[in-house]
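1. Sequence first, predicted coordinates after that:
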Number of protein chains: 2
Amino acid sequence: MKRGPARNFVIPGFKFAGISAGIKKSGNRDLALIYSEGPSVTAGLFTTNRIKAAPVKLAIKNITSGKAQAIIINSGNANACTGEKGMKAAREIITGTAHELGISPELVYSSSTGIIGRPFPAETIKEALPALIRKLSPLSLKHAASAIMTTDTFAKISFKQVEIAGKKGTIAGIAKGAGMICPNMATMLCFIVTDIAINPQALDAALREAANRSFNMLSVDNDMSTNDTIMIMANGLLNNPLITKRSPDYANFKSALNELTYDLARMIAEDGEGATKLIEVIVEGARSESDAGRIALSVANSMLVKTAVYGRDPNWGRIMAAIGYAGADVNENRIDISINKVKLVSKGLGTKREKAARTALLNKNIAIRIDLGTGKENARALTCDLTEGYIKINAHYGT
Amino acid sequence: MKRGPARNFVIPGFKFAGISAGIKKSGNRDLALIYSEGPSVTAGLFTTNRIKAAPVKLAIKNITSGKAQAIIINSGNANACTGEKGMKAAREIITGTAHELGISPELVYSSSTGIIGRPFPAETIKEALPALIRKLSPLSLKHAASAIMTTDTFAKISFKQVEIAGKKGTIAGIAKGAGMICPNMATMLCFIVTDIAINPQALDAALREAANRSFNMLSVDNDMSTNDTIMIMANGLLNNPLITKRSPDYANFKSALNELTYDLARMIAEDGEGATKLIEVIVEGARSESDAGRIALSVANSMLVKTAVYGRDPNWGRIMAAIGYAGADVNENRIDISINKVKLVSKGLGTKREKAARTALLNKNIAIRIDLGTGKENARALTCDLTEGYIKINAHYGT
């Protein structure tokens, strides 16, 4: 599988660290810090789950300020369903980090991922803070990316450069995914930094659009976590004229951010628990973008489609069934379906090209293309195949 | 696993047959007939999938008459996504069956289950009609039950007696399930017969209520098929005073029908593809029945919960997460969760009884009981664990 190389790029004004604090029994990196040398404009999106982890509850309140300077993230423990003790622990992590960094606690966010309902190891983390901060470096984004991993098999980093008012701006992001991935951000963490100057309203709107077209079109299973978080910090060190929603550069910024989040979403799907194949579902010819999106996600969510891709079985009837129950209006007699350019269904009927499709399904990257033939709108969704590996990983994760 | 024994009961006025017509390569039974000696009052519920199999399209039109005398069902081919040819074939099966039985085609329904998008073997079925009809017998419900199976591992039959106006009425039903099971009836077929006299309006309302409390609370995966059908025929031979919605006996009839459909739904969950455990999710203390139902289904649908049960992993955090994303209002600090009477969560916090829960998870029948602590309404949902077996069955089913 194609993986983003951990290049040694620098985003002016940002430093990163990722260390092993001893939360994970494995001794792998489990504590990350993202630090901006000055306060940054920030925006964030959080889980819609009614049961939220302690740090998420705090972040939702704090984000209204639109400002941030540091984000501390641990893996190995979700700090969810931990009651008042968990809330207290989350507050202590924030104040402890602020104290060590010598900044205001209002500028510090914490984020956690891992198992739910276990006592949160606040002491372990607090003891590790000085070591974590000593490791801060402009070149350590890759260490932060690996410290936020849970069952991920590779660190997810994406990096984009974009021309803003004649200058080269930088956007970089890290993410973790693997299991519990579902539309509307399931145990998905994503942290993005940029040196581009942009106002809070434009940053928030751009982040929402980017999430809707990437992470919210991503499905590994149907489970949504208590901890999902996506945050962006913009420190403005590029010194470009401040981008607002009306700036000519806003479209460029959004397009680079969309590319970056789609990149990260693609890596998450590729690294779905037990996955052997990345599946992209492209729906075209829909009456509306929302119809197209609903159908793309319905197909991407179908366990029967995902197991069929795993078994290299060009069982297009399962794709048709998932199109039909998406809740969007469709005309069966106008639907075309292809798998990696092999047309399996033409105007609602099978073309008997199963043999060619079976060969196409040897690829690691599978594109299921659906043309509804009723309009001009389109959407795409990302997922992976469903294999015995998913079962093995999830039958024994918590123990 | 507990299976309904194929008892040799008789439902006055009904005959059944199930034979091998040669549709399935295996040579197993694949063609069933349910026959009422006279026209019966009938009601039916069909898939809400926008893409419907040919026989479902015909049945939806025909059912408005409220009358039926025969249902012919084949397995091995769904007659879905088969275009005009499929519609013509479905009509031929109905007229052929009506002709051989010497009854009006308006009184005959057909139903199909199996793979989607393959040419429908109408000739094979038509040739088998005389043999099928010769086999009709009051004692052959079990043969009909086995002829409608696809990946089911056992035939599903339920039988209830109920006192109606001092007489003993009979209700019997058969069902098939296995894969593609999802709320709102996914490749699920169920056919029920009774000798109780009831008017069409009461029969229809009772069937809807029974389906909502059983098949619509059942989840094996999230896929909904193009072919789901549940039909009931009531021939009135008990000669009880005709039941209407206002009859005192209506409640008795509904209660027996609810028990019967819940029995069949339970068997379908037990026989979920690759299942090793039956899971019943019971939600109590909800503000409304719809909240309770939404949460019960959310937990029953969670792949993470289902894999955890398979792995005997008392990972209650996954149950909490699924409660939280169900979309119902909950108060985390009031939630209790038990698995087979071992209380794992009390007022939102873990009780550290994982060891006892792990022992409880050795059972084949798992009850996940959730008390929301905010009201008096309840609901229950049925599912099964998710195992490597599901993947194996579905990665290679169509080929």
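-> Looks like it arrived, so ask away.

2. Low-confidence ranges, the stretch 251-399 of chain A, go.
-> Within the stretch 251-399 of chain A, the stretches with pLDDT under 70 are A:396-399.

3. ranges for the helices of it?
-> Ranges of helices in the stretch 251-399 of chain A, per DSSP state H, counting those that start in this stretch, are A:289-301, A:303-310, A:316-324, A:354-360, A:388-395.

4. could you say what helices and strands the second one packs with?
-> Using 3 or more C-beta pairs under 8 Å, 6 or more residues apart in numbering or on different chains; DSSP states H and E as the contact criterion, the secondary-structure elements in contact with helix A:303-310 are strand A:278-286, helix A:316-324, helix B:388-395. Where C-beta positions appear, they are placed from N, C-alpha and C, glycine not excepted.

5. Residue ranges of each domain in chain A, please.
-> When chain A is parsed with automatic domain parsing, its domains come out as A:14-270, A:278-395.

6. mind checking how far the longest one is from the chain centre?
-> Translated: domain A:14-270. From the chain centre to the centre of domain A:14-270 is a distance of 10 Å (C-alpha atoms, centre = their mean, to the nearest Å).

7. if we can go back for a sec, any chance of a markdown table for the domains of chain A, columns distance to B:A379?
-> Shown next, in a markdown table, are the domains of chain A (distance: least, C-beta to C-beta, whole Å):
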| stretch | distance to B:A379 |
| --- | --- |
| domain A:14-270 | 17 |
| domain A:278-395 | 22 |
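
8. Any chance of CSV for those, columns mean neighbour count and distance to B:V281?
-> Shown next, in CSV, are these (neighbours: other C-beta atoms under 10 Å in any protein chain shown; distance: least, C-beta to C-beta, whole Å):
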stretch, mean neighbour count, distance to B:V281
domain A:14-270, 21, 15
domain A:278-395, 21, 18
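
9. so A:G169 sits in a helix?
-> No: using DSSP: H, G, I helix; E, B strand; the rest coil, the secondary structure at A:G169 is strand, not a helix.

10. And it, how far from B:A269?
-> If you measure A:G169 against B:A269 using C-beta to C-beta, to the nearest Å, the figure is 54 Å.

11. List the contacts of stretch A:157-170.
-> Residues from elsewhere that reach stretch A:157-170, judged by C-beta atoms under 8 Å, 6 or more residues apart in numbering or on different chains: A:4, A:6-7, A:9, A:11-12, A:141-142, A:145, A:171-175, A:194-196, A:238-241, A:243, A:249, A:252-253, A:255-257, A:259-260, A:263-264, A:267.

12. my bad, should have said stretch A:15-23
-> A:27-35, A:37, A:74-77, A:114, A:121, A:124-125, A:127-128, A:131-133, A:135-148.

13. Repeat the analysis, applying 7 Å as the threshold.
-> When contacts are defined by C-beta atoms under 7 Å, 6 or more residues apart in numbering or on different chains, stretch A:15-23 is touched by residues A:27-35, A:74, A:76-77, A:121, A:124-125, A:128, A:131-132, A:135-138, A:140-141, A:143-144, A:146-147.

14. measure it end to end?
-> The first and last residues of stretch A:15-23 sit 22 Å apart, counting by C-alpha to C-alpha, to the nearest Å.

15. ok, back up a step: okay, the helices and strands packed on helix A:303-310 in JSON lines with distance to B:L107 next?
-> Below are the helices and strands packed on helix A:303-310 laid out as JSON lines (distance: least, C-beta to C-beta, whole Å):
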{"stretch": "strand A:278-286", "distance to B:L107": "41"}
{"stretch": "helix A:316-324", "distance to B:L107": "29"}
{"stretch": "helix B:388-395", "distance to B:L107": "37"}
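
16. quick one, which of the ones you listed is nearest to A:L382?
-> A:L382 lies closest to strand A:278-286 among those, at 5.8 Å (C-beta to C-beta).

17. can I assume A:E163 sits in a strand?
-> Yes: residue state for A:E163 (three-state DSSP) corresponds to a strand.

18. so what's it bridging to?
-> Bridge pairing for A:E163 (DSSP bridges) gives the partners A:K168.

19. Show me the shaky parts of the stretch 51-200 of chain A.
-> Along the stretch 51-200 of chain A, segments meeting pLDDT under 70 span A:178-186.

20. For it, which segments are assigned as helices?
-> Along the stretch 51-200 of chain A, the segments classed as helices by DSSP H, counting those that start in this stretch run A:54-62, A:83-101, A:122-134, A:141-147, A:200-213.

21. Near chain B, which residues of the stretch 201-350 of chain A are found?
-> A:221-226, A:301-304, A:307-308, A:310-311, A:313, A:315-317, A:320-325, A:330, A:332, A:348-350 (C-beta under 7 Å from any C-beta of the partner chain).

22. Nearest to chain B: which residue in the stretch 51-200 of chain A?
-> Per C-beta to the nearest C-beta, A:I116 is where the stretch 51-200 of chain A lies closest to chain B, at 2.4 Å.

23. Quick one: closest of the domains of chain A to B:T374.
-> domain A:14-270 (12.1 Å).

24. Can you give me the end-to-end span of that closest one?
-> 28 Å.

25. now do stretch A:18-35
-> First-to-last residue span, stretch A:18-35, C-alpha to C-alpha: 12 Å.

26. could you give the mean pLDDT of it?
-> The average pLDDT within stretch A:18-35 is 96.
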